[in-house]
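Asker: Pasting the sequence and the predicted model now:
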Amino acid sequence: MKRVLTPTGRLVPNSGHGGMIHVIAAMLHGMFSKKVTGMRIAKLNREDFELLAELLQNGDIKPIIDEVFPLEETARAIDALNRGDVRGKVVVAVR
């Protein structure tokens, strides 16, 4: 973790596409590091979504998208997630 976090950075585990094993591993690391926080559960409301939409529209935050797949290539998108070599979100576009 020291290689990727800033001196004041924190790691907040979530299940993501890697599954709960990664959350458990991060929580175990947290027993020995002050840089890992406990698991959090979001309770979003309408105001949170409106603020998020505004931040996205203004360019204040930008999602990191690894790759966009057309719906017909959903199997390839799932394979990419299962390989674990993505560095951002995998999007399946439905048009």
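Answerer: Everything's here; your move. Just so it is clear, the structure is predicted and the values come from calculations on it, not from any experiment. Numbering: from 1, shown residues only.

Asker: Can you pull out the low-pLDDT segments for this structure?
Answerer: 1-3, 11-23, 26-27, 29-42 (pLDDT under 70).

Asker: mind listing the helices for it?
Answerer: 20-30, 46-58, 74-83 (DSSP state H).

Asker: Of those, which is nearest Gly9?
Answerer: Shortest distance between Gly9 and these, using C-beta to C-beta, is found for helix 20-30: 13.6 Å. Every residue, glycine included, has its C-beta placed from N, CA and C.

Asker: okay, now the closest residue in space to Glu67 that isn't next to it in sequence: neighbour count?
Answerer: Closest residue to Glu67 apart from its sequence neighbours, by C-beta to C-beta, 6 or more residues apart in numbering: Val90 at 5.9 Å. For Val90, the neighbour count with other C-beta atoms under 10 Å is 18.

Asker: Val90 contacts Ala80, correct?
Answerer: Yes: Val90 lies in contact with Ala80 (C-beta atoms under 8 Å); the separation is 5.8 Å.

Asker: ok so, going back, can the helices of the chain go into CSV with extra columns for distance to Gly9 and mean neighbour count?
Answerer: Listed next are these as CSV, based on distance: least, C-beta to C-beta, whole Å; neighbours: other C-beta atoms under 10 Å:
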stretch, distance to Gly9, mean neighbour count
helix 20-30, 14, 14
helix 46-58, 20, 10
helix 74-83, 25, 13
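
Asker: among the ones you listed, which is nearest Thr6?
Answerer: Between the helices of the chain, helix 20-30 lies closest to Thr6; by C-beta to C-beta that is 17.1 Å.

Asker: shared neighbours of Val90 and Ala80, anything?
Answerer: Common contacts of Val90 and Ala80 (C-beta atoms under 8 Å, 6 or more residues apart in numbering): Asp66, Glu67.

Asker: Now do the residue nearest to Glu67 against Gly9, distance only.
Answerer: 24 Å (C-beta to C-beta, to the nearest Å).
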